[in-house]
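> Here is my input; please provide its structure:
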Amino acid sequence: MEKLIEKIGKEHAEIMDENKQLRDRLRVVECSNRDRWNITRSADRPDNTCADDGARSACVRIAGRIDGIEANVAEMAKMLRRVRDQQARDAKTFVASVRIKELEVMVQEMRDSIAKIQNENAVDKGEWMEYKTQTQRRIEQLENENARLRTMQETQEGLITELTQRIDAAAKRNSIEAEMSAMRYRVAEVEKRCEEQHRMRQTLQCGDGHGGVDPELKRREYLGIVYKCFDMILPEEPNPANLHTWLGEVARAAKSAYIYDGEYGYSTILRVRDMSESELDRPLKYAALENKLWEGLRNMIKSTSLASKVQGEMFKRTAGRETMSAMRLLSMVVRFYSISPNREQEVLNEALSSTACEMCPGQCEVSMLDVFMDKWDIVRVRVEATGRNTWSDEQLGDILYSKVRRLSFLNHDIEAWRKRPAEGKTHSWLYGRIKQRVEEWRAEQNRQYMEDWARHLSDRGGPQP
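Numbers count the residues shown, from 1 in each chain. A predicted model of the protein is given here:
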């Protein structure tokens, strides 16, 4: 097709060149005819007429030939347009065929992909069926295990309920015994006070004048009880960590040393931090208690720095003709080892957060838990005693849970904790469950020890002298 178009183009160019040559010749002939015509008219000779006729005939021939050439050119133009139209259609057909081939290739690739996916699906379906079968078997095993564990849990809950009832009964008996002991103590105190009042009335009665004992001597003998105070055995000098405990031990020592009114000494010493300056400089109600407390505190102080401060205060008061009271000396000791309440609260909160339940290889888990709970109680009570406790019951419960959640001994209680609502996850609940578990374990250990002891006696044939 391209060669045909090229051939037709060449022929059209030749025709156009020949047409141009003929037109040039025609113009030349016409110019010569015009010139000849003018000359003929001027000369009016017959040979010119013949020449004009020949020229006309040549022009006619040339015009006819030009008309034929133009007809051929028009025909060739129509032919060229048809060729171009056919070429455009062939080009469209070629593009369509190329597109069809591309689509056929894509369809074949898609068929191959579908076949591959079908094969993979068949393999996956087989694996899925196998996995489904294994999963169903595993579910059946888990259901059986769950049923067994549920049965064990029900049995354990029954045992727990029975043990709880026994513990409640034992606690009730213990509370009754404690109340009876407290009542006996109060009865003894009342009897003691009644006896003292009776003796006081007897000593204050007047003599009968017939050789009776002098009432003044009896009164002085009775008042000797008031003036007598035993030596106080105070603990060693405190430190910032055990200051609260040390103050309680000093108060207890004062109560034991002064029998007449020990409660007064106990409550007064515990109020040392809340006393005003005037109250601290005022001597105690009983001179015997004042002197013994002063003597015990002076003998207790071993720190050079604290002793220097005490000596400086004593020198200042002696220069002013004043005496230093025992409560002032006690307040100096307390202030020397005290820290600011805010800093104390920060330290205690940090200690509460960092207290850990450490497990050592080869040791009993419950025994280590018991040690941890003792540490926890010490720090928690110290935090609550400061009066600045910012932890809520739920927050304390979360902290305690984070420290004991990995103990296998408490698996049942930890699972019960997780199932409780948010408002039920409190420190009181978890602390009570842990204490209950520890007490049950201790009771079981005691029972086992008694059984071993009885078995040992039976093996030896009874107790030995």
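
> pull the helix or strand with minimum mean pLDDT from the chain.
Across the helices and strands of the chain, mean pLDDT, DSSP states H and E gives its lowest value to helix 215-227, namely a mean of 50.

> out of all of them, which helix in the protein is the longest?
When secondary structure is assigned using DSSP state H, the longest helix within the chain turns out to be helix 46-204.

> mean confidence score for it?
Looking at helix 46-204 alone, the average pLDDT works out to 76.

> In contact with residue 337: list those residues for me.
By C-beta atoms under 8 Å, 6 or more residues apart in numbering, the contact set of residue 337 is 238, 239, 240, 243. (Glycine included, C-beta is placed from N, CA and C.)

> how does it look with 10 Å?
Contact partners of residue 337, counting by C-beta atoms under 10 Å, 6 or more residues apart in numbering, are 237, 238, 239, 240, 241, 242, 243, 246, 247, 303, 306.

> of those residues, buried ones?
For those, a neighbour count by 16 or more other C-beta atoms under 10 Å gives the buried set as 238, 243, 246, 247.

> Helix or strand for the last one, just tell me which one.
Right, residue 247. helix 243-257 (DSSP states H and E).

> what's the pLDDT at residue 325?
Confidence score, pLDDT, at residue 325: 90.

> I meant to write residue 274 there.
Note on residue 274: pLDDT of 87.

> Quick check on residue 390: phi, psi?
When read as degrees, to the nearest 10, the backbone of residue 390 gives phi -100, psi 0.

> Residue 421 now?
phi -70, psi 170.

> which helices and strands sit right next to the longest helix of the chain?
With contacts taken as 3 or more C-beta pairs under 10 Å, 6 or more residues apart in numbering; DSSP states H and E, helix 46-204 sits against helix 2-43, helix 215-227, helix 411-419, helix 427-460.

> If we use 6 Å, what do you get?
Helix 46-204 is packed against helix 2-43, helix 215-227, with contacts defined by 3 or more C-beta pairs under 6 Å, 6 or more residues apart in numbering; DSSP states H and E.

> Pull out the buried positions in the helix holding residue 247.
243, 244, 246, 247, 249, 250, 251, 252, 253, 254, 255, 257.

> likewise stretch 78-86?
residue 83.

> follow-up on the earlier one: worst mean pLDDT among the helices and strands packed on helix 46-204?
Confidence, taken as mean pLDDT, is least for helix 215-227 of the helices and strands packed on helix 46-204 (a mean of 50).

> roughly how far apart are residue 235 and residue 260?
23 Å (C-beta to C-beta, to the nearest Å).

> So the nearest residue to residue 275 once chain neighbours are set aside, which state does it fall into?
In this structure, residue 275 finds its nearest non-sequential neighbour in residue 327, 6.8 Å apart by C-beta to C-beta, 6 or more residues apart in numbering. Using DSSP: H, G, I helix; E, B strand; the rest coil, the structure places residue 327 in helix.

> circling back to that earlier point, of the contacts of residue 337, closest to residue 146?
Among the contacts of residue 337, residue 241 lies closest to residue 146 (C-beta to C-beta), at 50.3 Å.

> what's the closest of the buried ones among the contacts of residue 337 to residue 274?
Among those, residue 247 lies closest to residue 274 (C-beta to C-beta), at 12.2 Å.

> returning to what we had before: export the contacts of residue 337 to a markdown table and tack on pLDDT?
Shown next, in a markdown table, are the contacts of residue 337 (pLDDT from 0 to 100):
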| residue | pLDDT |
| --- | --- |
| 237 | 90 |
| 238 | 90 |
| 239 | 87 |
| 240 | 84 |
| 241 | 80 |
| 242 | 83 |
| 243 | 85 |
| 246 | 90 |
| 247 | 90 |
| 303 | 87 |
| 306 | 88 |
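
> I'd like those laid out as TSV, including distance to residue 320.
Below are those laid out as TSV (distance: C-beta to C-beta, whole Å):
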residue	distance to residue 320
237	28
238	29
239	32
240	31
241	36
242	34
243	30
246	30
247	28
303	25
306	22
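
> ok, these vs residue 150, which is closest?
residue 241 (49.2 Å).

> ok, so what distance separates that closest one from residue 376?
As judged by C-beta to C-beta, residue 241 and residue 376 stand 16 Å apart.

> Residue 346: neighbour count?
Residues near residue 346, counting by other C-beta atoms under 10 Å, number 13.
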